[in-house]
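>>> predicted model and sequence below, questions to follow.
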Amino acid sequence: MQILINGKNTDLPDNLSASIQKRLEKLGDRYRFLQEAHVVVGKQRKWHECEVTLHVKHQILRAKERDADLGTAVDNTFDKLEKQLSRHKGRLLEHSRHTEKDSPTPLSELTVEPLEPAEDQYVPPRVVKVKRIDIKPMAVEEAALQMELLGHDFYVFVDDQSESLNVIYRRHNGDIGLIQPE
């Protein structure tokens, strides 16, 4: 696994860099599907931030934490990453268990018993609400205004110039991001 560690607006202590390197190598040993890791440790005003981006085959896992203490920010980031990796591994295992040979069980044979999932067991999210929307072509600025008026964190719309489906969303820092298909 390739590992890249950068400091942003701060000097990264050698012992912290070595500690991060060691933790990432341990994760790489435990989760063999990891390909690349990029770590950015920085400081903004009184907060220390740590962001780790892991490249997995066809996916990216990212965790970011900030705290007044740099060590705590790094520890919390790695805690988040380990949860994400555990869930990702669970998804991979669950996907590999289901084959086309498996025949679905009729609904009449199913029993409904609430199960308490184990802490490490992956439980796929379920769709609890379906919302149908009427999409009309509009400019990015109009979509941003609609998102603000609705009080949502994202908004799906058709761009009036490219006529493609786009998503506009609110970023953690309060700015707005735009997702466009290629």
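Ah, there it is.
>>> partners of residue 41 in the sheet?
Legend: beta-bridge partners of residue 41 under DSSP bridges are residue 7, residue 50.
>>> burial of it, as a residue count?
A count of nearby residues for residue 41, using other C-beta atoms under 10 Å, gives 25. All C-beta atoms are positioned from the backbone trio N, CA, C, and that covers glycine.
>>> that one: what's it in contact with?
Counting by C-beta atoms under 8 Å, 6 or more residues apart in numbering, residue 41 makes contact with 5-8, 10, 12, 16, 20, 48-51, 70, 73-74.
>>> and what of residue 161?
residue 139.
>>> repeat for the one 3 residues further on
Contact analysis of residue 164 by C-beta under 8 Å, 6+ apart lists 158, 180, 181.
>>> wait, which of the residues you listed is closest to residue 35?
residue 181 (24.7 Å; C-beta to C-beta).
>>> you'd agree the closest one is up against residue 159?
No: using C-beta atoms under 8 Å, residue 181 makes no contact with residue 159, being 9.8 Å away.
>>> show me the common contact partners of those two, please.
Between them, residue 181 and residue 159 share these contacting residues under C-beta under 8 Å, 6+ apart: residue 166.
>>> of these two, which one has the most company?
Neighbours per residue (other C-beta under 10 Å) separate residue 181 from residue 159, with residue 159 holding more: 18 against 9.
>>> against residue 134, how distant is that one?
Residue 159 sits 16 Å away from residue 134 when distances are taken as C-beta to C-beta, to the nearest Å.
>>> same question, residue 77
As judged by C-beta to C-beta, residue 77 and residue 134 stand 41 Å apart.
>>> out of those two, which sits in the more crowded spot?
Using other C-beta under 10 Å, the more surrounded residue of residue 77 and residue 134 is residue 77, with 24 against 4.
>>> show me the contacts for residue 91.
Residue 91 is in contact with 122, 124, counting by C-beta under 8 Å, 6+ apart.
>>> that one falls within a strand, correct?
No: per DSSP: H, G, I helix; E, B strand; the rest coil, residue 91 lies outside any strand segment and is helix.
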